[in-house]
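*Asks:* Structure for this input, please:
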Amino acid sequence: MAVAEKVASESQRQDRLREWLLSGLNDRSQQHQGPHAQPPRQEKPHAWWRVMCLTGVDYFSTLGYQPGIAALAAGVLSPVATLVLVLVTLLGALPVYRRVAAESPNGEGSIAMLVRLLSFWKGKLFVLVLLGFAATDFIITITLSAADATAHVDENPFWPSSLKGHEVIVTLVLIALLGAVFLKGFTEAIGIAVGLVGVYLALNVAVVGDGLFRVLTHPGQVDDWTTALTTQHGNPLVMVGIALLVFPKLALGLSGFETGVAVMPHIRGGAGDTPQHPAGRIRGAKRLLTTSAAIMSVFLITSSLVTTVLIPQAAFEPGGAANGRALAYLAHENFGNIFGTLYDVSTIAILWFAGASAMAGLLNLVPRYLPKFGMAPSWARAVRPMVLVFTATAFLITVVFDADVDAQGGAYATGVLVLITSAAIAVTLSAHRRAQRGRTWAFGTISAVFVYTTVANVIERPDGVKIAGCFIAGILVISLLSRLYRAFELRVTRISTDEVAAAFLRECGRRKIRLIANEPDNRDAREYSAKIAQILADNDLTDDSDVIFIEVNVVDASDFETELHLRGQVLHHRYRILTMESSSVPSAIAALLLHIRDTTGRRPHIYFEWTEGNPAANFLRYLIFGQGEVAPVTREMLRQAEPARNRRPHVHVG
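*Replies:* As a prediction, this is how the structure comes out:
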């Protein structure tokens, strides 16, 4: 008895764990979904400025290292190079993503805009490649930011020297804590982000404001800087040219825009919003993007100026006190170690939580594509399992790169630039389709700038493309295996019928329901009479009354989940026909049979003929083109969707 109770207790614990992991997800097995499927529970939406703080922990946290990167890349020309970055941000990235927000308001970002241009398998492969770059951007954001937070921990004067040298362990702990926050819930992540961003920006106002005061009250330092600037780069055109050349190295300052549109579903909309026209959500997203870009632009210019003027150039070099932490250096130098430590703690916290915006972007982006394409397990729509997957991936990246910030910088920049470039190209094509000539030229120019920046970054740091290639290859392999694994899963999410089709089902519901699967050809009377005669002969039937033909047209076999719109018609004054469009013939027929059973209370009979040809070749046709081994695949889908044998529709093959 004790053993039985122990087994029962263990089973209950496993059930509770499964319930907790898959909270908010109805699709927990391969049971019949179709019209019975319910949408997962949505997180409570938030005001746009709160969501801005979540994306801002990534965007604003770059202040922790961006001034140092600019000083190292451009030297005394750093403020000019940073001004170029700000101009590209305000005149390039911001207009692009404001348009992305308007045209893709459901969290798919610029990827959805490009997907509309392509169909069938080439479109799916294109999405997978872009998702690979997005995964590179977001995952490396998590690992790089956590590693940079660890570097700030090591540089603090109060951190015990005995604890230094354990960067990988500290970084893994930070990533684990980030994952724990998202396992708890998205609302908690928003609340933490608001507090971190508020404190961090306030401390930066103090540090940068003090720096500007020192610059204004010590004109000699400004004179030294301008003298060095004119001595090294006397011609203003040369200054601009060099600033453009080093711009790709400063591209990390553009991070955060793709995340800003990826988390749009969490922005509270207006009272009149509809799923098709969420005008309030779009307004909120545009405010988010504009406000964050304006705040960051002011901080970028002022921080670059004060760090370049007040910090010796040698301190920016690798191993220098200001390397990767220019503002932290000023906080310690000008305010003392107590305030400097407070600044360090704030910087460490926001860098640690910078991965939150990336995690939120991944949780909004990946489940919108891969499960829908059949290229990820159905549980990939649940938040907690995906948090565990992304956290484990971040663990692996951290260990492989030994928590080295510089080693991951190339991959981070590559992911950011590819996504921004694809967004610029998407809005250019959108403007062209709408015959907006002026905007087409403007967005085309922006696209050219980002193409140049991306190519220059790839040439200088090819390791970024290699890492992105690993992500893309991994996604392709997982997607292929998942598509094979889910080959017999029912794919229909909803079924609707017109009045004629509904009348057919009501009439047949009073008697035995016999359906004949037919691949339409000429659709003349001879075709249907011959089909009936063949079915009667193959199945030794004598009665041809109350039969209905089922015809499925495959529109895009690369799709996985589809909605069925059932249309009824009578041809040649006799033959009743139900037609529908789907990505898969077997899935459409299986879903229809279950729908008929549930709406009429009767188990329908479906009649097929065996498919001629090699079974393996026919099964491959099914996987690629959605048709082939229709009869056995339909039966297997019914078996998996309905475990109770006495409730399954009848399948006859002759």
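
*Asks:* From now on I want contacts and neighbour counts done on CA atoms only, so please keep to that.
*Replies:* OK.

*Asks:* Contacts only, for Leu505.
*Replies:* Shown in contact with Leu505 (Cα atoms under 8 Å, 6 or more residues apart in numbering): Ile596, Thr600.

*Asks:* which helices and strands sit right next to the strand ranked longest in the chain?
*Replies:* Looking across the chain with DSSP state E, the single longest strand is strand 562-571. With contacts taken as 3 or more Cα pairs under 8 Å, 6 or more residues apart in numbering; DSSP states H and E, strand 562-571 sits against strand 492-497, helix 499-508, strand 575-582.

*Asks:* Point out the most buried one among those.
*Replies:* Burial of the helices and strands packed on strand 562-571 is given as mean neighbour count (mean count of other Cα atoms under 10 Å); strand 575-582 ranks first at a mean of 20.

*Asks:* That strand - what's its average pLDDT?
*Replies:* Averaged over strand 575-582, pLDDT sits at 85.

*Asks:* Tell me the buried residues in whichever helix or strand comes after it?
*Replies:* Later in the chain than strand 575-582, the nearest helix or strand by DSSP states H and E is helix 585-600. For helix 585-600, burial by neighbour count (16 or more other Cα atoms under 10 Å) applies to 585-597, 600.

*Asks:* looking at this protein, which helix or strand is least sure?
*Replies:* Within the chain, confidence by mean pLDDT, DSSP states H and E is lowest for helix 2-21 among all helices and strands, at a mean of 63.

*Asks:* Residues contacting the helix or strand just after that helix, please?
*Replies:* Counting by DSSP H and E, the next helix or strand C-terminal to helix 2-21 is helix 48-59. For helix 48-59, the surrounding residues in contact (Cα under 8 Å, 6+ apart) are 141, 189-191, 193-194, 196-197, 253-256, 259-260, 263, 266-268, 284-285, 287-289, 292, 296, 350-351, 353-358.

*Asks:* Buried subset of the residues you listed as a PyMOL selection?
*Replies:* With 16+ other Cα under 10 Å as the burial test, the buried ones among the contacts of helix 48-59 are selected in PyMOL as follows:
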select buried, resi 141+189+190+193+194+196+197+253+254+255+256+259+260+263+266+267+268+284+285+287+288+289+292+296+350+351+353+354+355+356+357+358
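
*Asks:* Helices along the stretch 251-400 of the chain, start to end?
*Replies:* 257-262, 279-310, 326-335, 337-369, 383-400 (DSSP state H, counting those that start in this stretch).

*Asks:* quick check: angle from the third one to helix 279-310?
*Replies:* So that's helix 326-335. Calculated by axes from the mean of the first three to the mean of the last three Cα atoms, to 10 degrees, helix 326-335 forms an angle of 60 degrees with helix 279-310.

*Asks:* Need the helices and strands packed on strand 562-571 in JSON lines (columns: distance to Tyr97).
*Replies:* Formatted as JSON lines, the helices and strands packed on strand 562-571 follow (distance: least, Cα to Cα, whole Å):
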{"stretch": "strand 492-497", "distance to Tyr97": "31"}
{"stretch": "helix 499-508", "distance to Tyr97": "44"}
{"stretch": "strand 575-582", "distance to Tyr97": "34"}
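
*Asks:* And the ones you listed: which comes nearest Gly107?
*Replies:* Of all those, strand 492-497 sits nearest to Gly107, with 20.2 Å by Cα to Cα.

*Asks:* in its sheet, what does the closest one sit against?
*Replies:* strand 562-571 (parallel) (DSSP bridges).

*Asks:* Contacts for the partner strand, please.
*Replies:* Contacts of strand 562-571 (Cα under 8 Å, 6+ apart): 491-502, 504, 525, 576-583, 588.

*Asks:* rerun that using 6 Å as the cut-off
*Replies:* With contact meaning Cα atoms under 6 Å, 6 or more residues apart in numbering, strand 562-571 is reached by 492-498, 500-501, 576-580.

*Asks:* Pull the most distant pair out of these.
*Replies:* Largest separation among the contacts of strand 562-571 by Cα to Cα: Thr493 and Arg576, giving 25.2 Å.

*Asks:* helices or strands up against the strand or helix carrying Leu201?
*Replies:* Leu201 is part of helix 186-217 when elements are defined by DSSP H and E. Counting contacts by 3 or more Cα pairs under 6 Å, 6 or more residues apart in numbering; DSSP states H and E, helix 186-217 packs against helix 48-59.

*Asks:* tell me the average confidence for the helix it packs on?
*Replies:* 85.

*Asks:* How about stretch 417-437?
*Replies:* Taken as a whole, stretch 417-437 has a mean pLDDT of 88.

*Asks:* what do you get for stretch 382-393?
*Replies:* What stretch 382-393 shows for mean pLDDT is 84.

*Asks:* got the buried residues for that stretch?
*Replies:* Ala382, Val383, Arg384, Pro385, Met386, Val387, Leu388, Phe390, Thr391, Ala392.

*Asks:* and which of these is nearest Val345?
*Replies:* In terms of Cα to Cα, no member of these lies closer to Val345 than Thr391, at 23.0 Å.

*Asks:* Now that closest one. Nearest residue, chain neighbours left out?
*Replies:* Once flanking residues are discounted, Thr391 sits nearest to Gly179: 6.0 Å by Cα to Cα, 6 or more residues apart in numbering.

*Asks:* check which helix or strand covers that neighbour.
*Replies:* helix 167-184.

*Asks:* what about dumping the CA coordinates of that helix to PDB?
*Replies:* Only the C-alpha atoms of helix 167-184 are listed here, as PDB (Å, rounded to 0.1, in the frame of the first residue of the first chain):
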ATOM      1  CA  GLU A 167      34.100  35.200 -14.500                       C
ATOM      2  CA  VAL A 168      32.400  32.200 -16.100                       C
ATOM      3  CA  ILE A 169      30.800  31.100 -12.800                       C
ATOM      4  CA  VAL A 170      29.600  34.600 -11.900                       C
ATOM      5  CA  THR A 171      28.200  35.100 -15.400                       C
ATOM      6  CA  LEU A 172      26.300  31.800 -15.300                       C
ATOM      7  CA  VAL A 173      24.800  32.800 -11.900                       C
ATOM      8  CA  LEU A 174      23.600  36.100 -13.400                       C
ATOM      9  CA  ILE A 175      22.000  34.300 -16.400                       C
ATOM     10  CA  ALA A 176      20.400  31.800 -14.100                       C
ATOM     11  CA  LEU A 177      18.900  34.600 -12.000                       C
ATOM     12  CA  LEU A 178      17.600  36.200 -15.200                       C
ATOM     13  CA  GLY A 179      15.900  33.000 -16.300                       C
ATOM     14  CA  ALA A 180      14.400  32.600 -12.800                       C
ATOM     15  CA  VAL A 181      12.700  36.100 -13.200                       C
ATOM     16  CA  PHE A 182      11.000  35.000 -16.400                       C
ATOM     17  CA  LEU A 183      10.000  31.700 -14.900                       C
ATOM     18  CA  LYS A 184       8.200  33.700 -12.200                       C
END
